[in-house]
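# sequence and predicted structure are below.
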Amino acid sequence: MVKKTSQQETATAVVVDEDELSADPEEDQTFTDLSNKLAEIRKDKGVIGYILRNTTSATIDLKEPEKIVEYALFSSQVLDSSREISDLFELDDVESIFIEGKENNALCMTIDGNKISIFMEKDADHADILKRISP
C-alpha cells in the first residue's frame, strides 16, 4: 500500500527599513579611516592585498583580482571560525588572527564592526602592519 504525504510551505514576509540599513556617520568615518590606512599598507613590499568590509560596504585591493572569490571565502572562514572558537572556549573578543602558510600569510581582525583581512608574503612584517592598522 502506498502512503500519500502532503507538504505545506509557509512563507515569511521580511520587511526592511532602509533607514536601518544605512550606516551612521561614525561608522562611515571608521570605514574611511581604515580604508586609507590599508591603502598605505598596500604599498608596502610584500603586501599582496586586503579586504575590508562592513554591513554596507566593501573594499578589495589584491594583486591577483582573479582570485577575489578565494581570498574572500578564506577571509570569511577565518573570521567566522575565530568567533566560534572564542565562544567555545569562552574567551573574550579575538583582536587579531595571524595565519601562516607555506608561501603567504594572512592577518585578520575586526575593528568597530569592520572586518579586515590583509594578505602578505612570508617576509612581510605582520607585527608592524598590525600596529599601524590597530586603533
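Perfect, thanks for sending it.

# now stretch 108-119: buried residues?
For stretch 108-119, burial by neighbour count (16 or more other Cβ atoms under 10 Å) applies to 108-111, 114-119. Glycine gets a C-beta too; all of them are placed from N, C-alpha and C.

# for stretch 52-71, same thing?
Using 16+ other Cβ under 10 Å as the test for burial, stretch 52-71 gives 52-54, 59, 61-62, 71.

# could you confirm residue 59 falls within a strand?
Yes. Assessed by DSSP: H, G, I helix; E, B strand; the rest coil, residue 59 belongs to a strand.

# that one pairs with what?
residue 52 (DSSP bridges).

# would you agree it is in contact with residue 38?
Yes. If you go by Cβ atoms under 8 Å, residue 59 and residue 38 touch, sitting 7.4 Å apart.

# name the residues contacting each of the two.
When Cβ atoms under 8 Å, 6 or more residues apart in numbering defines a contact, the residues bordering residue 59 and residue 38 alike are 50, 52.

# can you tell me the centre-most residue of this protein?
residue 115 (3.6 Å; Cα atoms, centre = their mean).
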